[in-house]
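**Q** Make a model of this:
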Amino acid sequence: MAKMGTRRKSRELVLQMLFQADMGKQTPELVRKTFWAERTNVEDEVRGFADDLFRVASDRLLEIDGLIGKHTQHWRMDRMATVDRNVLRGAVAEFLGYPATPHAVVINEALEIARKFSTPESVQFINGVLDSVGKDVGP
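**A** So this is what the prediction gives:
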């Protein structure tokens, strides 16, 4: 149970880092520097997973956005709510960077984070997009 809590915290931090990069038009390096300077009490395990997932999301952003865009026919990325767009990016980064993690777990975690930070409508939207992207990128 503790493991899931650690990963959830990491995923929430990744959402915040992606949000900061997206809204502030900041480089991944700048985000890492400023983000962690304000959070000195984060456990190493939480920070390690968050950093790695943020790295995958940043390094593969064009590929990730392409996959999301392919599965949201009527929504351009720049028209999505910023939180939703970045919840999707974090989850798709996990699909790509951590293929051993079951897609159902990644999707479930993304939905829990969306429930916390977004709207009920967004939860349904994110579920549909991630289900579709998950099938596209394989098990």
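
**Q** just for this protein, where's the confidence low?
**A** Scanning the chain with the threshold set as pLDDT under 70 gives 1-4, 139.

**Q** switch the cut-off to 90
**A** Along the chain, the model assigns pLDDT under 90 to residues 1-6, 38, 40, 73-80, 120-121, 137-139.

**Q** Would you quantify the distance from the residue positioned nearest the centre of it to Thr40?
**A** For the chain, the residue whose C-alpha lies nearest the mean C-alpha position (CA atoms, centre = their mean) is Gly90; its distance is 1.4 Å. For Gly90, the distance to Thr40 under the criterion CB to CB, to the nearest Å works out to 23 Å. Bear in mind the C-beta positions are built from the backbone N, C-alpha and C, glycine included.

**Q** can you point me to the longest helix in the chain?
**A** helix 2-24 (DSSP state H).

**Q** can you give me how far that helix is from the chain middle?
**A** With CA atoms, centre = their mean, to the nearest Å as the basis, helix 2-24 stands 7 Å off its chain's centre.

**Q** Now name the helix or strand holding the closest residue to Pro28 other than its chain neighbours.
**A** Computed as CB to CB, 6 or more residues apart in numbering, the closest residue to Pro28 that is not its neighbour in sequence is Ser58, at 4.0 Å. Using DSSP states H and E, the secondary-structure element containing Ser58 is helix 44-59.

**Q** Check which helices and strands that helix sits against.
**A** Contact partners of helix 44-59 among helices and strands, from 3 or more CB pairs under 8 Å, 6 or more residues apart in numbering; DSSP states H and E: helix 2-24, helix 28-37, helix 82-97.

**Q** same thing but at 6 Å, please
**A** Contact partners of helix 44-59 among helices and strands, from 3 or more CB pairs under 6 Å, 6 or more residues apart in numbering; DSSP states H and E: helix 2-24, helix 82-97.

**Q** Looking at those helices, which one is packed in the most?
**A** Neighbour counts (mean count of other CB atoms under 10 Å) averaged over each of those peak at helix 82-97, with a mean of 24.

**Q** contact partners of that one?
**A** Helix 82-97 is contacted by residues 14-15, 18-19, 22, 53, 56-57, 64, 67-68, 77, 106, 110, 113-114, 117-118, 122, 126, 129-130, 133, 137 when judged by CB atoms under 6 Å, 6 or more residues apart in numbering.
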